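In: need the 3D shape of this:
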Amino acid sequence: MTNSFAGRTILITGAGRNIGAHLVSHFVGRGAYVIAATKSTAVEVGENVAQIDVDFAEVGAGVRLMNDALALRPSIDFVINNAARQDVALLSHEEPERIADLFQVNVASIAEILSTIAKGGTGVESVVNITSIEALRPRPGHAIYGATKAALDALTRSAGVELAPLCRVNGLRLGLIESPGIAQAWPEGVTSWSAHAPLKRMGQPADITDAIAYLLGATWATGSILDLDGGIGAVAPW
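Out: Predicted structure coming up:
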């Protein structure tokens, strides 16, 4: 099988931890040059990895990131929008500033990136937006996060149509992914997930890479969203 990522350039946001860090390592291992965008976590840079510091809570950060990335490489082949905030709070405890921040990080910054691509000159041929089953499956305390991911689903479908045929935009709708300390920080959620998911486990970062690689290279898919959730999206809610 031909390694379709050898010599290609991939911009990955949220690249400092867990899923993002795994994606950086994976695609570098497949011969890609990776531009790793992160807010505060250092990335191990080298011959095939460059780091750009970015805070997506700032309006215009998505545009600045694309400009900085293009200053490093004359053309970017692929973009993986992985950065997100997942704050938990009941609606009765929400504050306007936090609501605005969540939408800025999880939706508006990605819209800024897509808008820059739409203007042309970036070379981007395929984008994958990391979304969540919480766009479809609400949980108490997750209302605003879920709303941002529902908005991202809609943005993905619209951009997939508007940017075609020069650029494809697809989404990966994830279920619960294991991360260090999650079982201790959220025991009730982890227990509930394991009880209800047909495959009886949380996802691993390694589960995600093949799905993203497929979507990046899927030349007859745009505006599509792939569920990767251990089967929980197929479970009847009653």
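
In: CA atoms for contacts and neighbours, from now on please.
Out: Will do.

In: contacts for stretch 22-39, please.
Out: 3, 5-16, 43, 48-56, 65, 69, 205-206, 209 (C-alpha atoms under 8 Å, 6 or more residues apart in numbering).

In: how about it: buried residues?
Out: By neighbour count with 16 or more other C-alpha atoms under 10 Å, stretch 22-39 contains the buried residues 22-24, 26-28, 31-39.

In: among the contacts of stretch 22-39, which lie within helices?
Out: Cross-referencing these against helices under DSSP state H gives 65, 69, 205-206, 209.

In: which one is Lys149 nearest to, not counting chain neighbours?
Out: Ala135 (5.0 Å; C-alpha to C-alpha, 6 or more residues apart in numbering).

In: quick one, what contacts the most centrally placed residue in the chain?
Out: In the chain, the residue lying closest to the centroid (C-alpha atoms, centre = their mean) is Asn82, at 2.4 Å. Neighbour list for Asn82: 12-15, 19-20, 129-130 [criterion: C-alpha under 8 Å, 6+ apart].

In: for the chain, longest helix please?
Out: Counting by DSSP H, the longest helix found in the chain is helix 143-162.

In: list of residues touching that one?
Out: The contact list for helix 143-162 (C-alpha under 8 Å, 6+ apart) reads 85-88, 90-91, 99, 102-103, 106-107, 111, 114, 129, 131-132, 134-138, 167-171, 222-225.

In: from those, list just the buried residues.
Out: By neighbour count, with 16+ other C-alpha under 10 Å, these hold 85, 102-103, 106-107, 111, 114, 129, 131-132, 134-135, 167-171, 222-225 as buried.

In: what's the angle from the helix or strand harbouring Asn129 to helix 143-162?
Out: Taking DSSP states H and E as the criterion, Asn129 maps to strand 126-132. Orientation note: strand 126-132 sits at an angle of 160 degrees relative to helix 143-162 (axes from the mean of the first three to the mean of the last three C-alpha atoms, to 10 degrees).

In: alpha carbons of strand 126-132, in CSV - could you do that?
Out: Provided in CSV are the C-alpha atoms of strand 126-132 (Å, rounded to 0.1, in the frame of the first residue of the first chain):
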residue,chain,number,x,y,z
SER,A,126,-8.8,17.9,2.7
VAL,A,127,-9.9,18.8,6.2
VAL,A,128,-11.1,16.6,9.1
ASN,A,129,-13.0,18.2,12.0
ILE,A,130,-13.1,16.2,15.2
THR,A,131,-16.6,16.4,16.6
SER,A,132,-18.5,14.5,19.3
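
In: I'm done for today, thanks for sticking with me.
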